[in-house]
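J.: using only what follows, build the 3D model:
(one chain, ligands or ions: 1)
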Amino acid sequence: TADVPDSHPRAASLRTRDRLVEGLENGLTSRTGLIAHGRGEAFDYLLGERTIPSADRAARAAAAHLLAADHPVISVNGNVAALAPERVVDLADATDAAIEVNLFHRSAERIEAIADHLRAHGATDVHGLAGDGRIPGLDHDRGICDADGIERADVVVVPLEDGDRAAALAELGKSEIVIDLNPLSRSAQVADVPIVDNVVRALPTMAAHARELSEAGADLDGVIAEFDADAALADAERTIREGSLAD
Ligand code: PTJ
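T.: Numbers count the residues shown, from 1 in each chain. Modelled structure (predicted):
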């Protein structure tokens, strides 16, 4: 990967790309994951490569959902594992959530590689290999999950998702937190809490809110109730349309 100087105006974006390419080389990320990232980058550029205020409010509501849950689970795919392993582990610590590897292009080798990578970044308990649970209504591998993980979860964080699993999880009555830079994507549209932000920013924002809400002994149900998903999506779309270009 390229040696990007700090002075480069797009240094952060280029280093993020390097992480994904490394993820591909290390067997974490799928080849189509690179394409998915390119789509995300385009939306991030249009959002100004920053956490917009409505995304920050969404991250706070998401943190409240996770803290109020009995069995919260953070789902991890090949892109998230490459981009933000330490941030997934920190959010799991802050909210007492489980971590489960769930892949669109499922293979035992890749699940193992991602689980090892998460453990190397401090995860103690990684679900996903058992594959003894099912999400009804999905006829591809993404319907395979762990019985003591996503199957029994009441709140699931699904970053960078394709829309049909998001819809199937919603159908099961689970509360869904979707992190997706595209406010028009089907997964963002069906989420209880859509966070229109880059996963590398959204995860630490959620963790910071979770710690703050816990320390303050906040009224979690109140925080959850006051969040308006449609307004958050409309705000993100307006920001993109009105323009706030990055460098
Ligand atoms: O690792 P696997 O096998 O589970 O495969 C994962 C991918 C990402 C390939 C799979 O889930 C996929 O095909 O996703 P899609 O349908 O391309 O959707 C990806 C969505 O995530 C798009 O709406 C992108 O805008 C968005 N996105 C991409 N990168 C980021 C992002 N959202 C937040 N942060 C990002 N860094």
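
J.: what is the neighbour count of the nearest residue to residue 69 once chain neighbours are set aside?
T.: The spatially closest residue to residue 69, leaving aside those adjacent along the chain, is residue 155, at 3.8 Å (C-beta to C-beta, 6 or more residues apart in numbering). (Glycine included, C-beta is placed from N, CA and C.) Residue 155 is surrounded by 23 other residues when neighbours are defined as other C-beta atoms under 10 Å.

J.: oh, and call the first residue 23 from now on, that's how I've got it
T.: Will do, 23 is the new start, and the previous item becomes residue 177.

J.: which pLDDT value belongs to residue 177?
T.: At residue 177 the predicted local confidence, pLDDT, stands at 97.

J.: what's near enough to touch it?
T.: The neighbourhood of residue 177, defined by C-beta atoms under 8 Å, 6 or more residues apart in numbering, consists of 87-88, 90-91, 93-95, 196-199.

J.: now it: phi and psi?
T.: Main-chain dihedrals, residue 177, degrees, to the nearest 10: phi -130, psi 130.

J.: contacts for stretch 101-111?
T.: Under C-beta under 8 Å, 6+ apart, the answer for stretch 101-111 is 38, 41-42, 44-46, 48, 50-51, 55, 58-59, 96, 98, 121, 123, 136, 139-140, 142-145, 181-182, 221-222, 225-226, 229.

J.: any quick PyMOL command for the buried ones out of those?
T.: Of the contacts of stretch 101-111, the buried ones go into a single PyMOL selection, burial set by 16 or more other C-beta atoms under 10 Å:
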select buried, resi 38+41+42+45+46+50+51+55+58+59+96+98+121+123+136+139+140+145+181+182+221+222+225+226+229
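
J.: skipping adjacent residues, who's closest to residue 63 in space?
T.: Of all residues apart from its sequence neighbours, residue 35 sits closest to residue 63 (C-beta to C-beta, 6+ apart), at 6.7 Å.

J.: and the one you found, how many neighbours?
T.: Residue 35 is surrounded by 17 other residues when neighbours are defined as other C-beta under 10 Å.

J.: quick revisit: gap between the residue nearest to residue 91 and the ligand?
T.: Taken as C-beta to the nearest ligand atom, to the nearest Å, the spacing of residue 177 relative to the ligand amounts to 19 Å.
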